[in-house]
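Enquirer: Take this sequence and fold it.
(one chain, ligands or ions: 2)
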Amino acid sequence: MIVGIVGCGAIANTIVNEIMSEEGIEIKYFYDRDIERAENLAHIANGIAIIKLEDMLDKVDLVVEAASPIALKNIAIPILEKGIDLMVMSVGALMDKEFRENVHNTARKHKAKVYAPSGAIVGLDGIKAASIGKITQASLTTRKAPKSLGREVEEEEILFEGKAHEAVEKFPVNINVAASLSIACNMDIDVKIIVDPKVDRNVHEVLVKGDFGEFRTSSENVPFAANPKTSMLAAFSAIKLLRSFNESFSVGT
Ligand SMILES: NC(=O)C1=CN([C@@H]2O[C@H](COP(=O)(O)OP(=O)(O)OC[C@H]3O[C@@H](n4cnc5c(N)ncnc54)[C@H](OP(=O)(O)O)[C@@H]3O)[C@@H](O)[C@H]2O)C=CC1
Ligand SMILES: O=C([O-])CC(=O)C(=O)O
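Expert: Ligands and ions are numbered 1, 2, ... in the order given. This next block holds a predicted model:
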């Protein structure tokens, strides 16, 4: 599998450092609006930095988007129209219903697949199973340190309380997980975002209720030093999903 990456920041660097060249996965093409970042990563991976997305499209089997929701909106359709699979980190963009339907239809028409790794949250496996019955309630409470949210506060403060579609608009690079949960639950979930000077982790608490019963998950994620908005677990989930394409045994939904 030849892989191209769009967005050469915290997640992409972790993927490359972990996978490099593994049997069956060759991460070869790198694109970023900052060409230097693409070149640095290409150098580490012994790959190729490209100056426009089209330069990788006839050469890859899968593109990993690890850039931004706006980037995803620009690149998803041209990638899928070529029948290339797409792994999406900036899931928040998919809260735009029209865009999500377009992505869905284009993928189906061109026999491409779209994957969204579980990212920085815990519990999507259970939600997928739970969605066989009815899910009646789902919420996410996210607590991050001021530097993760780009705020300066002395005391904890609720920055946002509302629905996921609004959360991803207001905090596009901090709360993609709300979109993953919403898509898995098939509802616009309730979201609360708290800035808290007492935490140094990215904390995500998920509550889901439905026919199956109810569950709560809580993760206290180590943020990347280079980008404290993003949790290490998010990059790890992408790596695990990439590796799963080569595995013949799978556990969990
Ligand atoms: N699903 C999940 O659970 C999670 C998702 N994420 C999301 O994943 C994405 C990547 O995260 P992360 O690696 O931490 O981000 P980084 O900011 O560390 O890296 C992203 C890179 O992509 C570049 N970029 C942004 N927009 C474009 C564009 N339109 N075209 C080309 N390059 C672009 C950025 O440049 P510049 O610096 O100039 O913007 C930067 O170099 C983000 O959208 C983030 O919000 C993060 C954590 C969890
Ligand atoms: O990494 C995290 O903790 C969550 C995050 O930034 C996102 O969902 O966009």
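
Enquirer: ok, the residue nearest to Ser68 when sequence neighbours are not counted to Ile27 distance?
Expert: Using C-beta to C-beta, 6 or more residues apart in numbering and skipping residues adjacent in sequence, the residue nearest Ser68 is Ser90, 5.6 Å away. Backbone N, C-alpha and C define where each C-beta goes, glycine included. Per C-beta to C-beta, to the nearest Å, Ser90 is found 19 Å from Ile27.

Enquirer: what helix or strand does Lys128 sit in?
Expert: Under the criterion of DSSP states H and E, Lys128 resides in helix 124-130.

Enquirer: Partner strands of the next helix or strand along the chain from that helix, with direction?
Expert: Later in the chain than helix 124-130, the nearest helix or strand by DSSP H and E is strand 135-144. With DSSP bridges as the test, strand 135-144 is paired with strand 190-195 (parallel), strand 202-210 (antiparallel).

Enquirer: Which of these sits closest to Ser231?
Expert: Of all these, strand 202-210 sits nearest to Ser231, with 4.6 Å by C-beta to C-beta.

Enquirer: Let me know whether that closest one sits next to ligand 2.
Expert: Yes: contact between strand 202-210 and ligand 2, assessed by C-beta under 6 Å from any ligand atom, occurs at Asn202.

Enquirer: Residues contacting that strand, please?
Expert: 120-123, 126-127, 130-131, 133-145, 148, 177, 181, 185, 214-223, 228-231 (C-beta atoms under 8 Å, 6 or more residues apart in numbering).

Enquirer: starting at the chain centroid, how far to it?
Expert: 17 Å (C-alpha atoms, centre = their mean, to the nearest Å).

Enquirer: list the contacts for the closest residue to ligand 2 within the stretch 1-150 of the chain?
Expert: Ligand 2 sits closest to Ala120 of the stretch 1-150 of the chain, with a gap of 3.3 Å, by C-beta to the nearest ligand atom. Shown in contact with Ala120 (C-beta under 8 Å, 6+ apart): 176-177, 202, 204, 219, 221, 230-231, 233-234, 237.

Enquirer: Name the SS class of Arg37, please.
Expert: helix (DSSP: H, G, I helix; E, B strand; the rest coil).

Enquirer: which stretches of the stretch 151-253 of the chain form helices?
Expert: 164-170, 176-185, 232-244 (DSSP state H, counting those that start in this stretch).

Enquirer: what do you get for the stretch 1-150 of the chain?
Expert: 10-19, 35-45, 54-57, 69-81, 97-109, 124-130, 146-149.

Enquirer: ok, back up a step: could you check the helices of the stretch 151-253 of the chain and tell me which one is nearest Gly4?
Expert: Across the helices of the stretch 151-253 of the chain, closest to Gly4 is helix 232-244 (C-beta to C-beta), at 12.4 Å.

Enquirer: Relative to Lys240, how far out is the residue sitting furthest away from the middle of the chain?
Expert: In the chain, counting by C-alpha atoms, centre = their mean, Glu154 sits farthest out from the average C-alpha position, at 30.0 Å. To Lys240, Glu154 is 38 Å away according to C-beta to C-beta.

Enquirer: Next: Gln137.
Expert: In terms of C-beta to C-beta, Gln137 sits 28 Å off from Lys240.
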